[in-house]
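Q: This is a predicted model, with the sequence first.
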Amino acid sequence: MTDSQRWFILGILLIVIALIYLLKPILPPFLVGMVLAYLGDPIADKLEAKGLSRTWAVTIVFTVLSFVGTLLLIILLPQLILQIKNLIQNLPIWQQWLQVNVIPILHTQLGIEPSAFKLDTITQHITATWRDAGSFLTPIIKSATASGVAIVTALANLFLVPVVTFYLLRDWDIMMAKISSLLPRSIEPVVRQLASECDEVLGAFLKGQLIVMLCLGLIYSTGLWIVGLQFAVIIGLIAGLASIVPYMGFAIGIGAALIAAAFQFDSMLPFVGVVVVFIVGQILEGMVLTPLLVGDRIGLHPVAVIFAILAGGQLFGFVGILIALPVAAIIMVLLRHLHDIYKLSDLYHTAPEPTQQDD
């Protein structure tokens, strides 16, 4: 790579970063559409290989994605809202139970003052927040009266996601080919190799681990609902999302489910049911879901995933969260190659000292 090519690539990267920072308020629907198009492109390619046109293949993939997404919202959203309401209503009961049974023990054994917990303030804050969120029609009406442009923008962003997804999915292969044709010819093979490795990393995570998380969330929610747990959907979804880190979803989910069961049930049978649900979920993850959906492909390290998401959110907000994993995958691949180059360089291998010859 020549110096001019290095400066050219660096300039492009700086321009992209500056545009992301300046345009981040309007980027979310486009980034969400890109992620969905990236996930749907392999399926569309397989349908296209079977003889369908690209438009028909994309239409089928888009229809299936829309149907599944709508079905999940119809099934889960009402249950989720209902369980959140029940959770808020039970907060005062749980607060009283903690004040009577737990806080005195902590005060006696550890010397922690009861006033340090501030349970009243926490309960009031959560209740007030949910009350404000529940009466969402009032702020919408006020916003519509005060700033109709903001409402139009929000609705436009909502409808932009499926539109952007469809057109990006239809033209995905064409865009990748055009980007490849614009690369300097001397570095195009290397960039293509790096892009292939980045796709492998992202594929192992986005196309594998995220689907595993969704499946685990559904398994945990359904199992806890069969047990009769009052907050099955909330706990199941949280456990599924926490499965981004191995065993974290299991630990958080079974802990929260057992605590909720302690407040709800008097017999031991539901506790056994909760344990069975999470053991079955772990068995299915280890023996079926992960081998089938992720396999032995190289994915992002869990710590790298957590750091990338937190760093992206801190730097660029919601847009940073959306681009965190692709950027982390690229950095991981680049660091791997830099590691190999470093191992072959003089910086790693100490040059032998010249020997002194006797006269």
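A: Nice, I can see it. Because the structure is a prediction, the values reported are computed rather than measured.
Q: Surely W94 and Q264 touch.
A: No: the pair W94 and Q264 fails to qualify as a contact (C-beta atoms under 8 Å) at a distance of 11.0 Å. (Glycine included, C-beta is placed from N, CA and C.)
Q: what about T59, neighbour count?
A: T59 has 17 neighbours, counted by other C-beta atoms under 10 Å.
Q: what's the spacing between it and L73?
A: Relative to L73, T59 is positioned 21 Å away (C-beta to C-beta, to the nearest Å).
Q: and if you look at L344?
A: Distance, L344 to L73, by C-beta to C-beta: 52 Å.
Q: Equivalent analysis for G11, please.
A: Distance of G11 to L73, computed by C-beta to C-beta: 43 Å.
Q: What is the longest helix anywhere in the chain packed up against?
A: Counting by DSSP state H, the longest helix found in the chain is helix 54-97. If contacts are counted by 3 or more C-beta pairs under 8 Å, 6 or more residues apart in numbering; DSSP states H and E, helix 54-97 sits against helix 28-49, helix 119-134, helix 148-170, helix 232-242, helix 248-264.
Q: could you redo the last one with a cut-off of 7 Å?
A: Applying 3 or more C-beta pairs under 7 Å, 6 or more residues apart in numbering; DSSP states H and E, one finds that helix 54-97 contacts helix 28-49, helix 119-134, helix 148-170, helix 232-242.
Q: looking at these, which one has the lowest mean pLDDT?
A: Here the helices and strands packed on helix 54-97 differ in mean pLDDT, and the lowest is helix 119-134 at a mean of 56.
Q: going on from the helix or strand M176 falls within, what's the next piece of helix or strand?
A: According to DSSP states H and E, M176 maps onto helix 172-182. Per DSSP H and E, helix 172-182 leads on to helix 188-204 as the next helix or strand towards the C-terminus.
Q: Mind listing what's buried along that next one?
A: Of all the residues in helix 188-204, those buried under the rule 16 or more other C-beta atoms under 10 Å are L194, A195, E197, C198, D199, V201, L202, G203, A204.
Q: Pull the contacting residues for the fourth one.
A: This points to C198. C198 makes contacts with A329, I330, V333, as judged by C-beta atoms under 7 Å, 6 or more residues apart in numbering.
Q: where does this protein have low pLDDT?
A: The chain contains residues with pLDDT under 70 at 1, 102, 106-107, 111-157, 294-300, 350-359.
Q: and with 50 instead?
A: Within the chain, the segments meeting pLDDT under 50 span 132-147, 359.
Q: what about the residue nearest the centre of the chain, which helix or strand?
A: Here the mean C-alpha position of the chain is nearest to the C-alpha of L210 (C-alpha atoms, centre = their mean), at a distance of 7.0 Å. Assessed by DSSP H and E, L210 sits inside helix 210-227.
Q: could you say what helices and strands that helix packs with?
A: Partner elements for helix 210-227 (3+ C-beta pairs under 7 Å, 6+ apart): helix 232-242, helix 248-264, helix 269-284.
Q: most tightly surrounded among these?
A: Mean neighbour count (mean count of other C-beta atoms under 10 Å) peaks for helix 232-242 among the helices and strands packed on helix 210-227, with a mean of 23.
Q: chain center to it, what's the gap?
A: The chain centroid and the centroid of helix 232-242 are separated by 13 Å under C-alpha atoms, centre = their mean, to the nearest Å.
Q: cool, and stretch 28-38?
A: Relative to the chain's own centre, stretch 28-38 is displaced by 13 Å; criterion: C-alpha atoms, centre = their mean.
Q: and what of stretch 173-191?
A: Remark: stretch 173-191 is offset 29 Å from the chain centroid, using C-alpha atoms, centre = their mean.
Q: Much appreciated, bye for now.
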